[in-house]
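K.L.:
What follows is a predicted protein model with its sequence.
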Amino acid sequence: EETVKVLVELLLDAKRHPLLVLGGPRAGHLDALVVGCLRRLQGWSLASTFQDTRGMVGQALHDHEQFVEQFDLAGVALPPPRARPRWLQRHLELEAQEECLCEGRDHPGLPADPELRRRWMRVLGYRSGPVVGPDVTYDRILSLVVDDDDAN
C-alpha cells in the first residue's frame, strides 16, 4: 500500500508532469492499482473506476478491486496548491464549495444571490448526488426499493 500511496503522490505533483504510467503483468498490474486509486481521489464512482482499470488489465482482478476500494485516500499527502495539477485544484475547490453550500456558509467561489445559489446546488447535485441543506434531518431509514412480493 505504501508504494501505491507514494506513486499517487508523485502523480499529484504537477512539477513532475508530464508523466507516463507503465506497468503490466510483470509489475503485478501496479499501474492499474495506482490509476484506480487516483480515480477514487478524483471522485470517480467505484463502477467507473473498476471499468477503467479492467481496461488496463484486460480482466477483473478481485484482489485489485478490493485494494482500490479500501485504499485510504486520507493518507495521501496532497502537494501544496501551487504544485497541484489544475484538475485537482478545481476538484478540491468544488468540494469546498459544495460543503459550504450544504452547511449554509459563504465561500468566495459561490454566488451571493440566493437564486444563483439554488441553481448552483442543482448543478452540484447533478455532479455528485443529492445536495441537501443543513435543515434536512433523517429520523428513520426509508427504503426506496420495494420488493414486489410485499406489494399486496
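P.N.:
Nice, thanks for sending it over.

K.L.:
thought D106 was touching C100?
P.N.:
Yes: the criterion here is Cβ atoms under 8 Å, and D106 meets it with C100 at 6.6 Å. Where you see a C-beta, it was placed from the backbone N, CA and C, and this is true even at glycine.

K.L.:
Looking at those two, which one has more neighbours?
P.N.:
Applying other Cβ atoms under 10 Å to D106 and C100 shows that C100 carries more neighbours, namely 16 against 10.

K.L.:
Mind naming the longest helix for this structure?
P.N.:
Criterion DSSP state H: the longest helix present in the chain is helix 86-103.

K.L.:
which helices and strands does that helix pack with?
P.N.:
If you count contacts as 3 or more Cβ pairs under 8 Å, 6 or more residues apart in numbering; DSSP states H and E, helix 86-103 packs onto helix 114-128.

K.L.:
Let me know the secondary structure of the most centrally placed residue in the chain.
P.N.:
Geometric centre of the chain, nearest residue: G43, 1.4 Å, by Cα atoms, centre = their mean. Here G43 is recorded as coil under DSSP: H, G, I helix; E, B strand; the rest coil.

K.L.:
if I look at it, how far off is H62?
P.N.:
Computed with Cβ to Cβ, to the nearest Å, the distance linking G43 and H62 is 23 Å.

K.L.:
Equivalent analysis for L78, please.
P.N.:
Here L78 is placed at a distance of 30 Å from H62 (Cβ to Cβ).

K.L.:
neighbour count winner among these two?
P.N.:
More crowded of L78 and H62, by other Cβ under 10 Å: L78, with 14 against 7.

K.L.:
Isn't the more buried one up against P85?
P.N.:
No: contact between L78 and P85 fails when scored by Cβ under 8 Å: they sit 10.8 Å apart.

K.L.:
could you point out where the protein is predicted with low confidence?
P.N.:
Residue ranges of the chain with pLDDT under 70: 24-28, 122-152.

K.L.:
check contacts around the nearest residue to P85 once chain neighbours are set aside.
P.N.:
Distances taken as Cβ to Cβ, 6 or more residues apart in numbering put A14 closest to P85, at 4.6 Å, once the chain neighbours are dropped. The contact partners of A14, taken as Cβ atoms under 8 Å, 6 or more residues apart in numbering, are 79, 83-86.
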